[in-house]
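Chemist: Got a sequence here, can you build the structure:
(4 chains)
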There are 2 protein chains.
Amino acid sequence: MHIEFRHLRTIRAIHEAGGVARAAEQLNITQSALSHQIKGLEDQAGVELFVRRSKPMRLSAAGQRLLRLANQVLPQVEALQAEFAGLRDGKSGRLHIAIECHACFEWLFPVLETFRKSWGDVDVDIRPGLAFDALPALVKEDVDVVISSDPEDLPGVTFTPLFDYAPVFVAASTHPLAAKPYIEAEDFRGETLITYPVERARLDIFSQLLTPAKVEPAAIRQVELTAVILLLVASNRGVSVLPDWVVREVKYSSDYITRPLTRKGLTRRLYAATRSDDLDKPYMGDLIRLAGEEARKLQSA
Amino acid sequence: MHIEFRHLRTIRAIHEAGGVARAAEQLNITQSALSHQIKGLEDQAGVELFVRRSKPMRLSAAGQRLLRLANQVLPQVEALQAEFAGLRDGKSGRLHIAIECHACFEWLFPVLETFRKSWGDVDVDIRPGLAFDALPALVKEDVDVVISSDPEDLPGVTFTPLFDYAPVFVAASTHPLAAKPYIEAEDFRGETLITYPVERARLDIFSQLLTPAKVEPAAIRQVELTAVILLLVASNRGVSVLPDWVVREVKYSSDYITRPLTRKGLTRRLYAATRSDDLDKPYMGDLIRLAGEEARKLQSA
DNA sequence: GAGAGTTATGAGTTTGTCTCATCAATGCTG
DNA sequence: CAGCATTGATGAGACAAACTCATAACTCTC
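Modeler: Here you go, the predicted structure:
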């Protein structure tokens, strides 16, 4: 039994137009074609779709059932087609972002809030990149953007610089290290370090400082939420290293001190990794622009 | 842009089978055909549905969107096709019943309760036939059965007798007319008559007794619910005429008396009007059989 | 009961989808 | 990393399905 979209459109048109002849016009098709079509459908389904007793034909019970299906299904299809049309001219699309850097949520969220206003037809989502390998997921089109500070040379993937930031040391204002103008690797040797629960290679403090210097903190405690990390730091349960855009908010609080790492300070660059093909898409460029703006805002705040 | 069911099935199969080649087998179709099909769809939609970088092809974002549509739409269609298949061999169908006789709900409801157990796939509904003309609705296939006691000679419509009943006079046991062994038209002249809110022609008491005798009751009060009618009668706010199957329940209550209308009593016959074509349907015959049984049960109770 | 309007039917043409045969690309394996 | 196996793409031709045209049959209205 071969129900086709054509049949659903036919049923709908016949119902709306109130007759096969008028429906034929509406569908830009011969009345004969419709008649054949209906006959074929009825034969195959083995069910009478119309009441032929009266002259402008009416839908039978089964026909009404089919009409209901048409009214459920056709709008869904038409919506998808509109979505695809939008996708073609770059007005709609998907923007599923994986964040490898855990604190990125802090600045990304306001960016997406703004983004959403200009690109309502783009399907936006953020996925914390902790549970899976973000870059393979990007290649497989499971996600569309990966926020990362470790560019890799992958074919078909482009890393676009977003902005620079500095990993900054944070401790309670009562902490002994508050006396030092800047913090070095050796300073961590006796400390409890609070980090996000990700592998060391993805943490600036390890990849940029402790691992090269072969320094191991006294203890490491993994905490999910930024707010909780700050809470623990304030109550002297440990020290932490966070991006400057995060500590900017607490910089002027008397509970905390912040210090640069090494005398010159560390600088890291954040990238948006995308599939190279997607870079043409207008909303993609807009996202990168907005990210830069948001970074400027945070740095001047 | 021509999305067809074939495409939805293809997308689903490719996703399930994890590749075009395997999907082709599953669909009993050439791999070539699928390849052409996809290409055609992508060309027309102007959207890439698959990621071709890797060898077993994967769905792109747009492809996943299409898959979602397929998963929404295909089950609905398959359900309808199953419904039609059931309809063909008479296992499923629609049974929308219009009741012209207002009190019929009382015996019809238990009938439908039983019916539902044998014919779970038949879509059952009752519509009080007050608001619309039931017989034209039957012809138009808006309903499938009309319960009526006034058979008409309509082409394509068959009236099948269900059972006989007697309209019975009801009054409070304290009512003066309780003294009489049977009630005649003249007896209503001074009374308040409580009826269902339908036109007189459809009320047995008028069509069978008062109108021919040209008797007008002192007052008429229209009440929707049978229970309320009995309540009012018990408190002597009026008298009423109800089918025997209704008053049977109250016959032995000391609050009421029931009396036959005229010396010989009136007898009316209830019919199920159906479209003649529908009489072959097995569930239709069963409904009529069940109605008879229910009537016997009520009469012997 | 004549005529307008509506649906059905048959024959022929067009359109589109499938198969067959073959090529190109990818990925697995030793 | 070479070679083989698997997977997808492409072109030409076969075939079926759906459409058009012409015309017949039917209903409803006046």
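Chemist: Nearest residue to residue A:116 in space, please, no chain neighbours.
Modeler: residue A:124 (6.1 Å; CB to CB, 6 or more residues apart in numbering or on different chains). In this view, the C-beta of every residue, glycine as well, is placed from N, C-alpha and C.
Chemist: so what's the one you found up against?
Modeler: A:95-97, A:112, A:115-116 (CB atoms under 8 Å, 6 or more residues apart in numbering or on different chains).
Chemist: rerun that using 10 Å as the cut-off
Modeler: Contact partners of residue A:124, counting by CB atoms under 10 Å, 6 or more residues apart in numbering or on different chains, are A:93-97, A:112-113, A:115-116, A:144, A:283, A:287.
Chemist: Scan these and report the most crowded one.
Modeler: residue A:287 (28 neighbours; other CB atoms under 10 Å in any protein chain shown).
Chemist: Settle this for me: that residue is touching residue A:111, isn't it.
Modeler: Yes - in this structure residue A:287 lies within contact range of residue A:111 using CB atoms under 10 Å: 7.3 Å.
Chemist: so what sits against both of those two?
Modeler: In contact with both residue A:287 and residue A:111: A:97, A:162, using CB under 10 Å, 6+ apart.
Chemist: what's near enough to touch residue A:135?
Modeler: A:98, A:100, A:129, A:143, A:146, A:148, A:150, A:152, A:154, A:157, A:273.
Chemist: hmm, I was thinking of residue A:119
Modeler: Counted by CB under 10 Å, 6+ apart, residue A:119 has contacts A:90-93, A:95, A:112, A:282-284, A:286-287.
Chemist: ok, it to residue A:271 distance?
Modeler: 21 Å (CB to CB, to the nearest Å).
Chemist: same deal with residue A:146?
Modeler: 8 Å.
Chemist: ok, those two, which is more surrounded?
Modeler: Neighbours were tallied for residue A:146 and for residue A:271 using other CB under 10 Å; the higher tally belongs to residue A:146 (26 against 20).
Chemist: what comes into contact with the helix or strand hosting the more buried one?
Modeler: Assessed by DSSP states H and E, residue A:146 sits inside strand A:145-148. Applying CB under 10 Å, 6+ apart, the contact partners of strand A:145-148 are A:95-101, A:104-105, A:107-108, A:126-127, A:129, A:133-139, A:157, A:159-160, A:162, A:202, A:270-275, A:278, A:284, A:287-288, A:291.
Chemist: Strands of chain A, start to end?
Modeler: Here chain A has its strands, by DSSP state E, at A:50-51, A:58-59, A:93-99, A:122-128, A:145-148, A:157-165, A:167-172, A:192-195, A:219-222, A:239-243, A:256-260, A:268-275.
Chemist: For DNA strand C, find the nearest of the ones you listed.
Modeler: strand A:50-51 (6.7 Å; CB to the nearest atom of the strand).
Chemist: hmm, back to that, and the contacts of residue A:135, which is the shakiest by pLDDT?
Modeler: Scanning the contacts of residue A:135 for pLDDT, the low point is residue A:129. It has 60.
Chemist: Nearest residue to residue A:102 in space, ignoring adjacent ones along the chain?
Modeler: residue A:196 (4.0 Å).
Chemist: residue contacts, the one you found?
Modeler: With CB under 10 Å, 6+ apart, residue A:196 has these contacts: A:101-103, A:128, A:130, A:202-203, A:222-226, A:229, A:240, A:242.
Chemist: How about residue A:292: what's its closest non-neighbour residue?
Modeler: In space, residue A:292 is closest to residue A:163, 5.8 Å off (CB to CB, 6+ apart).
Chemist: Tell me the bridge partners for the one you found.
Modeler: residue A:270 (DSSP bridges).
Chemist: Against DNA strand C, how distant is the residue of chain A most remote from its centre?
Modeler: Residue farthest from the centre of chain A, counting by CA atoms, centre = their mean, is residue A:53 at 57.0 Å. From residue A:53 over to DNA strand C the distance is 11 Å, taken as CB to the nearest atom of the strand, to the nearest Å.
Chemist: Now for that residue: which residues touch it?
Modeler: B:139-141, B:155-156, B:275, B:277.
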